[in-house]
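Colleague: Would you be able to build a 3D model of this:
(one chain, ligands or ions: 1)
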Amino acid sequence: MKKRERAILNAHITGVGKYLPEKVLDNKYFESIVETSDEWIRTRTGIVERRKLEEGGTSILATRAIENLMKNTGLKAEEIDVIIVATVTPDMLFPSTACLVQDNLGATNAWGFDLSGACSGFLFALQTGANLVESGLYKKVVVVGADKMSSIVDYTDRTTCVIFGDGAGAVLLEPTTDLSLGIQDSILHCDGSGRDALNMKAGGSLNPSSHETIDKRWHYIYQDGQKVFKVAVKGMADVSAEIMQRNELTSDDIAYLVPHQANLRIIDATARRMGISDKQVMINIDKYGNTTAATIPLCIADYYEDKKLKKGDKLILAAFGAGYTWGSLYLNWSLD
Ligand code: COA
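Modeller: Just a heads-up that it's a prediction; the model follows:
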C-alpha cells in the first residue's frame, strides 16, 4: 500500500539550510597535481569547481548547515527533537556525528544518529525522518546530508579526485494534516553485490587500520567509474520513471527533478527517461562537484534561496551511490 493511503499526518519540509566551506578548488588546481585538463573534467562530469573544508570534520559542515537553517526559520536548538546525519565521512566511527552536532548546537532535547547510505544517504534519511514525524512522536526532525569527501579522496588518483567536494545541506521536517503537502511516496533500494565497484575498504571491522592498509591505499575511495556509471544511469532513470508512473505524474506535472549530482551525463539520461526538459532539472554540480549525501539538500537550498520554488511544486528526488544504494522520492513543496 502506498504511504499516502495510510497516513493521517504527512511530514513536510518547513525550512532549509546549507554550508559550503570557503576554500575553492578549481579544475586548474587539478591540472597542477594530476594529469588532467579543465576540458576533460567539464565535458566528462560537468564539474567546474568544488569546495574543501580545511579544518575540522564533517560535524562542522553539518553544524553550520543547521545553524543556517535555524537562522532562516527561527528554529531554536532546544526545540529540535531528532538530528539525523546522512554521511559516509563521520568525524569518527563513534560517537556518531549526530552526537557531536547535538553538542555543537546545544540541542539539549534532541536524540540522533548517523545514517550511512552514501550518495543515497539523504534520501534514506529523509524517508526515515518523515516516518518519525508521521508516527506522531516527533515534531521537529532535522535531516542533514554532510560529507567531507576531501578526507577520503586520493589526490594522486585522477579518476576520483576531480569529482568530489565538501558541503552540507539541511532540512527541517514537521507534521502537517494537509496530506497534499510534504513527502508523498518513495522507492528505495540497496544491493550489496555492488560492494566491489565503489568502496573504502579499510578502517572498519573487516580491515582494521594497519601499516598494510595504508600501504595499499585502502583508506581512500575506490571507484570503478565505468561500471558504476552504467548501473547508475539505469538505476536512477528506472526508479524515477517508476515513481512517476505509480503516482500518475506526467512530465508536465513535475516542477523539478532533484538528482544526486555525480555526473551531468547521468543526470541528463535520467531527465530524458522522465521526458522532462533541462529547465525542470536542478543542477549545481558545476559549483560543488559530488558532495555525496549533501548534493540533494544543497540543490534544494540553492533553488529555494534563488526563489525558484513555490508552494505546491512537485519534486522528484533521485539518487544512486555506493552499496549499491539508490532510490527516488516524490514530495510536494510547502514553502513560498
Ligand atoms: N582526466 C583525464 N583523463 C581521465 C581522468 C581525468 N580526471 N579520469 C579518467 N581519465 C581517462 C581514463 O584513464 C581513460 O583513459 P584511457 O581511455 O586511456 O584508459 C579515459 O579517461 C576514459 O575513462 P573512463 O573511466 O571511461 O571515463 P568516464 O567517461 O567513464 O568518466 C567518471 C569517469 C568517473 C567521471 C564516470 O565514469 C562516472 O561519473 N562514473 C559514475 C560516478 C557515479 O555515479 N558514482 C556513484 C555516486 S558517487
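
Colleague: Which single residue of the stretch 151-300 of the chain approaches the ligand most closely?
Modeller: Nearest residue of the stretch 151-300 of the chain to the ligand, counting by CB to the nearest ligand atom: G225, 3.0 Å away. (Each C-beta comes from the backbone N, C-alpha and C, glycine too.)

Colleague: Output the residue ranges of the strands in the stretch 101-250 of the chain, listed in chain order.
Modeller: 111-115, 141-148, 166-176, 182-190, 198-199, 222-223 (DSSP state E, counting those that start in this stretch).

Colleague: What would the third one look like as PDB? C-alpha coordinates only.
Modeller: The C-alpha coordinates for strand 166-176 follow below in PDB (Å, rounded to 0.1, in the frame of the first residue of the first chain):
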ATOM      1  CA  ASP A 166      32.800  19.000   0.700                       C
ATOM      2  CA  GLY A 167      29.500  20.500   1.800                       C
ATOM      3  CA  ALA A 168      26.300  20.100   3.800                       C
ATOM      4  CA  GLY A 169      22.600  20.800   3.400                       C
ATOM      5  CA  ALA A 170      19.800  20.500   6.000                       C
ATOM      6  CA  VAL A 171      16.000  20.400   6.100                       C
ATOM      7  CA  LEU A 172      13.500  20.700   8.900                       C
ATOM      8  CA  LEU A 173      10.700  18.200   8.800                       C
ATOM      9  CA  GLU A 174       7.400  18.900  10.700                       C
ATOM     10  CA  PRO A 175       4.000  17.300  10.700                       C
ATOM     11  CA  THR A 176       1.000  18.600   8.600                       C
END
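
Colleague: what's the offset of that strand from the middle of its chain?
Modeller: 11 Å (CA atoms, centre = their mean, to the nearest Å).

Colleague: and the angle for it with strand 141-148?
Modeller: 170 degrees (axes from the mean of the first three to the mean of the last three CA atoms, to 10 degrees).

Colleague: Give me the average confidence score over strand 166-176.
Modeller: Taken as a whole, strand 166-176 has an average pLDDT of 98.

Colleague: anything in it near the ligand?
Modeller: No - Strand 166-176 does not reach the ligand (CB under 6 Å from any ligand atom); its nearest approach is 14.0 Å.
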